[in-house]
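Participant: fold the following, please.
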Amino acid sequence: MDYLTILGATGSIGDSALDVVRHHPESFKIWGLSANSNTNKLAKITHESEPHVVAVGENYGADIRAKLQNKKVDIFEGRTGLNSLARMPEAAIVVVGIVGGAGLEPTLQAVRAGKRVLIANKEPLVMMGSEIMREAALSQATILPLDSEHNAIFQCLPSILQKKLFSPVEYGKRVTATDYGVTKVVLTASGGPFLNLSSEELKNVTLEKAVAHPKWKMGRKISVDSATMMNKGLELIEACVLLNIEPNLVEVVVHPQSIVHSLVEYKDGSFLAQIANPDMRIPIANALGYPNRIASGAPNINIQDLGGLDFLSPDESRFPCLKLARQAAELGGSAPVILNAANEIAVEAFCNRIIGFTHIWMVIEKVLSHLTIDFESGLESVLHTDKQARLAATECIKELTKYS
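Facilitator: The predicted structure follows:
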């Protein structure tokens, strides 16, 4: 029996993780849950799953206490409380489903505590990937990706490479995927809801259409990232970190059917692909059960019903976020931190109907060109860069909307 903590329990990742756990009551039990402000849903989940600890955002402690007044559960509050929950020794597994850069510190805390850390959000590895992998080597933590693309890549690697890359022992001797015959990885993208729209049509898309993903059920932020293809850009950076490879070895293709989740090419000419229904319970079950296979609760694919599978080159002139992310990956240093922070602020402004859809990449490009890139990898330096990029993006948005 393993205890696990789910950070971001009220989001879509939390829903899927809890469902997988329900299928395996003999193997997993919930130690802790966190949410930022959705105390109604957190209270409901707490009554169902009986955690020992819950954590909420600043100023939401009294609210959740009132909703759980008859429950025997410890309540943590704010950033300090979230970080404390992430490193508690009772939970062997921590699922990180917190959206955006807010997930960085608790991810780092869980890694430093030597846990099996299941990362669903891309931002911690984008912002501080090399440092997180170094910390994992020091603490003997295991880092397993939950997003469907990187989990697919993980499944397509030989078991010895899985262990050496994702459970690093000595960071200074960390291997690269190319040491074991990998010549390229291919990330697949659904193309989002605007795959076939022209550049002119993209200027007028609405928030409602942007979050209506044709294949996946996701939160608002990642749905917009999918629509701009920034999610694939962040995944490109994450793949470089996890596999210890250069950006030129990561290819992105558009695969509208969302059945092939990623492919790995080997030097003998072989491609290995992971194929499954677009259901987050599948990668979550893979990571929770690793190295064994456990039931996810998701429906199996009927191969005979698949029909044709399409793989197309992405149009970076219509979706420049992908190009900007590749540039940030190639620049290295703090460039991915700046990219991510500017994107978060721009997406938030779009979701609040302050800027248009195509303004998102305009903001990111301007902030990337405005800020100086440094190569300090410590947490304080990363958080400072993140703050500066957010301020720069906010100013850029003010300029864009000055006369609107």
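
Participant: show me where the stretch 1-150 of the chain has its strands.
Facilitator: For the stretch 1-150 of the chain, the strands defined by DSSP state E, counting those that start in this stretch cover 2-7, 28-34, 53-56, 74-77, 93-96, 116-119, 142-145.

Participant: and Lys215, how many neighbours?
Facilitator: Applying other CB atoms under 10 Å, we find 18 residues neighbouring Lys215. Glycine gets a C-beta too; all of them are placed from N, C-alpha and C.

Participant: spit out the contact partners of it.
Facilitator: Contact analysis of Lys215 by CB atoms under 8 Å, 6 or more residues apart in numbering lists Ser190, Ser258, Pro278.

Participant: save the strands of the stretch 1-150 of the chain as JSON lines, and put in mean neighbour count and distance to Val21 too.
Facilitator: Formatted as JSON lines, the strands of the stretch 1-150 of the chain follow (neighbours: other CB atoms under 10 Å; distance: least, CB to CB, whole Å):
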{"stretch": "strand 2-7", "mean neighbour count": "24", "distance to Val21": "7"}
{"stretch": "strand 28-34", "mean neighbour count": "23", "distance to Val21": "5"}
{"stretch": "strand 53-56", "mean neighbour count": "26", "distance to Val21": "16"}
{"stretch": "strand 74-77", "mean neighbour count": "17", "distance to Val21": "20"}
{"stretch": "strand 93-96", "mean neighbour count": "26", "distance to Val21": "9"}
{"stretch": "strand 116-119", "mean neighbour count": "27", "distance to Val21": "12"}
{"stretch": "strand 142-145", "mean neighbour count": "24", "distance to Val21": "16"}
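
Participant: export those to CSV and tack on mean pLDDT and distance to Val205?
Facilitator: Converted to CSV, those look like this (pLDDT from 0 to 100; distance: least, CB to CB, whole Å):
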stretch, mean pLDDT, distance to Val205
strand 2-7, 98, 32
strand 28-34, 98, 33
strand 53-56, 98, 34
strand 74-77, 97, 38
strand 93-96, 98, 30
strand 116-119, 98, 30
strand 142-145, 96, 30
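
Participant: now those strands as TSV including distance to Leu236?
Facilitator: Converted to TSV, the strands of the stretch 1-150 of the chain look like this (distance: least, CB to CB, whole Å):
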stretch	distance to Leu236
strand 2-7	24
strand 28-34	28
strand 53-56	32
strand 74-77	35
strand 93-96	20
strand 116-119	16
strand 142-145	13
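
Participant: how about the ones you listed, which one is nearest Ile132?
Facilitator: strand 142-145 (7.1 Å; CB to CB).

Participant: partner strands of that closest one, with direction?
Facilitator: Strand pairing for strand 142-145, using DSSP bridges, gives strand 116-119 (parallel).

Participant: which outside residues touch the partner strand?
Facilitator: Against strand 116-119 from outside (CB under 8 Å, 6+ apart): 92-96, 107, 110-111, 125, 136, 141-147, 284, 287-288.

Participant: starting at the chain centroid, how far to that strand?
Facilitator: Chain-centre distance of strand 116-119: 11 Å, with CA atoms, centre = their mean, to the nearest Å.

Participant: who wins for neighbours among the contacts of Lys215?
Facilitator: That'd be Ser190 among these, by other CB under 10 Å, with 20 neighbours.

Participant: quick one: Phe350 and Gly356 touch, right?
Facilitator: Yes - contact between Phe350 and Gly356 holds when scored by CB atoms under 8 Å: they sit 7.2 Å apart.

Participant: quick one: which of the two has more around it?
Facilitator: Phe350 (23 against 18).
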